[in-house]
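*Asks:* No letters, just coordinates:
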């Protein structure tokens, strides 16, 4: 429709913009049309922004006459712009706290910390049951008259009682911390509660002011309340690169999506994990030590800023083993602004600091945990998630030390340089910095044992370990079957898996490197796999689930009569179940469909809503 016709039809002013050429479809031009909105909220927002701009302009005009005098009434070195920003941020966040929108670090990292563990289990069990019900409803709607009509009432398959975690707190063996800026006062539960109380008090004062506009006592009280809010929130560190912000090693209070730059909880808003009950005390202490290190050298090496893409310090990863008492530290840096001597100086500062801090006294505080290796990763991208081929460099390793690594003696498997050793089900596994491994070791043992039991393997069975990671499940099941073939995309994980199989004397395990959708066909075509009397697949995919080509290959393999699906994402689990169970088609979905025999939720992540699920499929 032409612009003229659009204007005539709407009887109002509109803007018509030609679409970019990239958006052209079928050699036709498109148009973006912006209609004015009658929503009063939009007009109010515009009015508020205009008032704020006028207010800032007046403040600038009034304060521009004598800069030296204006600083006398502020904190040392604070200018008018900084003071106004603090006041705006303080007011906005106190109001958010009063409305229950401002979150403490516990609410972000462990949202269910207020719930008793028994209630957490019940909620997760109910959610898992609902997911199985949704799968049945989708299949009945798309393919009526299928075998799902004959299952338990409303369910695709029986859902067994949830498997509880042996540890409901301090269970994580890996912590990924962001190094960023945050307020001087950590956002603990008590601090956010105090802000909420102050915010409610400020709201009461606003109401009183509306009723009695001429009451000078109430005006004075409100002014005192505002001053109190600034004192509580701002605690300005004058050396920080943003007003009122200091470096922290912890977690973000907000995600990139929906975060605002002006609000205190912005994209760079990081706070201490000291109250996160899912982290071991040693991990929290290491985050605090990293914070101390970054603040000590902030003038020389600043924190990475995701807005400006400047700065050095980015991330700290901690990996530990409660069985072998070994500790790995990985520091992620952005070093584009540094020359080679500067990079080496930074590396030396990191090594000297942690080697001196994590001494025998520190080890005694945390049940004999010993520093085994320190690695560094140089990453220049915008996000903290580096590409899979981004290398790690070993800065320090205890095996290089003249004193040796006493933690190595606790494991019967030698610890490779730059790695630590974990123990699961009586076997030992070498873990690199990038290798996937379940973060809850105690619960992972129970999950693996359950998955192997449901696989119902025999001495002549060949097991496909799809998305095998460091080979944990396949190596554990290897002694019960004739052969295990692992599929994994991460090369470092495959190297770990091969070393783990060798260290545990499992000679019937082999691996294929690459995306599962690319390697599964060649694996299934191997003569030793084709000749197997029984073929079972154990799949443990990442959160995005299995690729469609993997699902098609599994369905098309006639000898594959059982799949044990270990899922960490209910959404992709439901999608993959639909494709494995749906009726076959001649070309797109060949092979007989599977049926769901039983399912069991597994609480791998206490204190959070996340839950894993095991599903047994057969045909």
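*Replies:* Okay, I see it. Keep in mind that what you see is a predicted model, and the values were worked out from it rather than measured.

*Asks:* okay, residue 154: pLDDT?
*Replies:* pLDDT recorded at residue 154 is 82.

*Asks:* Then the one 3 residues further on?
*Replies:* Model confidence at residue 157, expressed as pLDDT, equals 91.

*Asks:* One more: residue 435?
*Replies:* Residue 435 is given a pLDDT of 83.

*Asks:* which residues touch it?
*Replies:* 469-470, 490, 492-493, 496 (CB atoms under 8 Å, 6 or more residues apart in numbering). In short, each C-beta sits where N, CA and C put it, glycine included.

*Asks:* What of residue 467?
*Replies:* Counting by CB under 8 Å, 6+ apart, residue 467 has contacts 487-489, 516, 539-542, 546.

*Asks:* same deal with residue 386?
*Replies:* 332, 377, 379.

*Asks:* a markdown table please, covering the residues you listed and showing secondary structure and pLDDT.
*Replies:* Shown next, in a markdown table, are these (DSSP: H, G, I helix; E, B strand; the rest coil; pLDDT from 0 to 100):
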| residue | secondary structure | pLDDT |
| --- | --- | --- |
| 332 | strand | 97 |
| 377 | strand | 97 |
| 379 | coil | 94 |
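
*Asks:* So which of those is surrounded by the most neighbours?
*Replies:* residue 332 (24 neighbours; other CB atoms under 10 Å).

*Asks:* At which residues are the strands of the stretch 101-250 of the chain located?
*Replies:* 174-183, 245-252 (DSSP state E, counting those that start in this stretch).

*Asks:* Now render the ones you listed as a markdown table, adding mean pLDDT, distance to residue 278 and mean neighbour count.
*Replies:* Formatted as a markdown table, the entries for the strands of the stretch 101-250 of the chain read as follows, by pLDDT from 0 to 100; distance: least, CB to CB, whole Å; neighbours: other CB atoms under 10 Å:
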| stretch | mean pLDDT | distance to residue 278 | mean neighbour count |
| --- | --- | --- | --- |
| strand 174-183 | 90 | 9 | 24 |
| strand 245-252 | 89 | 11 | 25 |
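
*Asks:* Go through the ones you listed and name the closest to residue 163.
*Replies:* strand 174-183 (20.6 Å; CB to CB).

*Asks:* Show me what the closest one is packed up against.
*Replies:* With contacts taken as 3 or more CB pairs under 8 Å, 6 or more residues apart in numbering; DSSP states H and E, strand 174-183 sits against strand 245-252, strand 270-271, helix 281-296, strand 313-320.

*Asks:* Please check the contacts of residue 467 and keep the buried ones.
*Replies:* 487-489, 516, 539-541, 546 (16 or more other CB atoms under 10 Å).

*Asks:* Restricted to helices, list those residues.
*Replies:* Among those, the members falling in helices (DSSP state H) are residue 516.

*Asks:* just the buried ones among the contacts of residue 467 now: which is nearest residue 502?
*Replies:* So of the buried ones among the contacts of residue 467, ranked by how close each gets to residue 502 (CB to CB), first place is residue 488, at 16.1 Å.

*Asks:* Return the member of the contacts of residue 467 nearest to residue 252.
*Replies:* residue 542 (21.1 Å).

*Asks:* who's in contact with the closest one?
*Replies:* Contacts for residue 542 were tallied using CB under 8 Å, 6+ apart; they are 436, 467, 568.

*Asks:* is it true that residue 532 touches residue 482?
*Replies:* Yes - using CB atoms under 8 Å, residue 532 is in contact with residue 482, at 7.1 Å.

*Asks:* Was I right to think residue 537 contacts residue 563?
*Replies:* Yes - counting by CB under 8 Å, residue 537 does reach residue 563; the two are 4.8 Å apart.

*Asks:* Now the common contact residues for those two.
*Replies:* residue 554.

*Asks:* for residue 374, phi and psi?
*Replies:* Main-chain dihedrals, residue 374, degrees, to the nearest 10: phi -130, psi 130.

*Asks:* and the helix or strand containing residue 430, average pLDDT?
*Replies:* Per DSSP states H and E: residue 430 is located in strand 427-431. Strand 427-431 comes out with an average pLDDT of 92.

*Asks:* ditto for stretch 523-539
*Replies:* On average, stretch 523-539 scores 84.

*Asks:* Now tell me what touches that stretch from outside.
*Replies:* 451-452, 455-458, 460-467, 473-474, 477, 482-483, 485, 487, 512, 546, 553-554, 557, 559-566.

*Asks:* Apply 6 Å and report the result again.
*Replies:* Residues from elsewhere that reach stretch 523-539 (CB atoms under 6 Å, 6 or more residues apart in numbering): 451, 455, 457, 460-466, 473, 485, 512, 557, 559-560, 562-565.

*Asks:* Next, the buried residues of that stretch.
*Replies:* Residues of stretch 523-539 classed as buried by neighbour count (16+ other CB under 10 Å): 523-524, 529, 532, 534-539.

*Asks:* now, which of those lie within helices?
*Replies:* 523-524, 529.

*Asks:* Now flag whichever of those is closest to residue 119.
*Replies:* Distances from residue 119 to those, taken by CB to CB, are shortest for residue 523, at 43.8 Å.

*Asks:* Just grab the bridge partners of residue 535 for me.
*Replies:* Per DSSP bridges, the residues bridged to residue 535 are residue 462, residue 560.

*Asks:* My error: substitute residue 428 in the last question.
*Replies:* Listed by DSSP bridges, the beta-bridge partners for residue 428 are residue 423.

*Asks:* For residue 451, which non-adjacent residue is closest in space?
*Replies:* For residue 451, ignoring the flanking residues on the chain, the nearest one in space by CB to CB, 6 or more residues apart in numbering is residue 564 at 5.0 Å.

*Asks:* how near is that neighbour to residue 544?
*Replies:* Distance, residue 564 to residue 544, using CB to CB, to the nearest Å: 19 Å.

*Asks:* Need the overlap of contacts for residue 532 and residue 482.
*Replies:* Joint contacts of residue 532 and residue 482 (CB under 6 Å, 6+ apart) do not exist.

*Asks:* ok, and what's touching stretch 336-351?
*Replies:* Residues outside stretch 336-351 that contact it (CB under 6 Å, 6+ apart): 331, 335, 374, 380, 395-396.

*Asks:* Identify the farthest-apart pair in these.
*Replies:* Greatest spatial distance among the contacts of stretch 336-351 (CB to CB): 380 and 396, at 23.3 Å.

*Asks:* Looking at these two, which one has more neighbours?
*Replies:* residue 396 (21 against 12).

*Asks:* which residues pair with the more buried one across the strands?
*Replies:* residue 374.

*Asks:* before we move on, the earlier item: tell me the one of the buried residues of stretch 523-539 nearest residue 597?
*Replies:* Each of the buried residues of stretch 523-539 was checked against residue 597 using CB to CB; the closest is residue 536, at 13.2 Å.

*Asks:* And for residue 312, nearest residue in space, chain neighbours not counted?
*Replies:* Closest to residue 312 by CB to CB, 6+ apart is residue 301, at 4.1 Å.

*Asks:* and residue 436, what does it touch?
*Replies:* Contacts of residue 436 by CB under 6 Å, 6+ apart are residue 469.

*Asks:* Got the phi and psi for it?
*Replies:* Residue 436 adopts backbone torsions of phi -80, psi 140, taken as degrees, to the nearest 10.

*Asks:* Distance of it relative to residue 426?
*Replies:* The value you get for residue 436 to residue 426, if CB to CB is used, is 21 Å.
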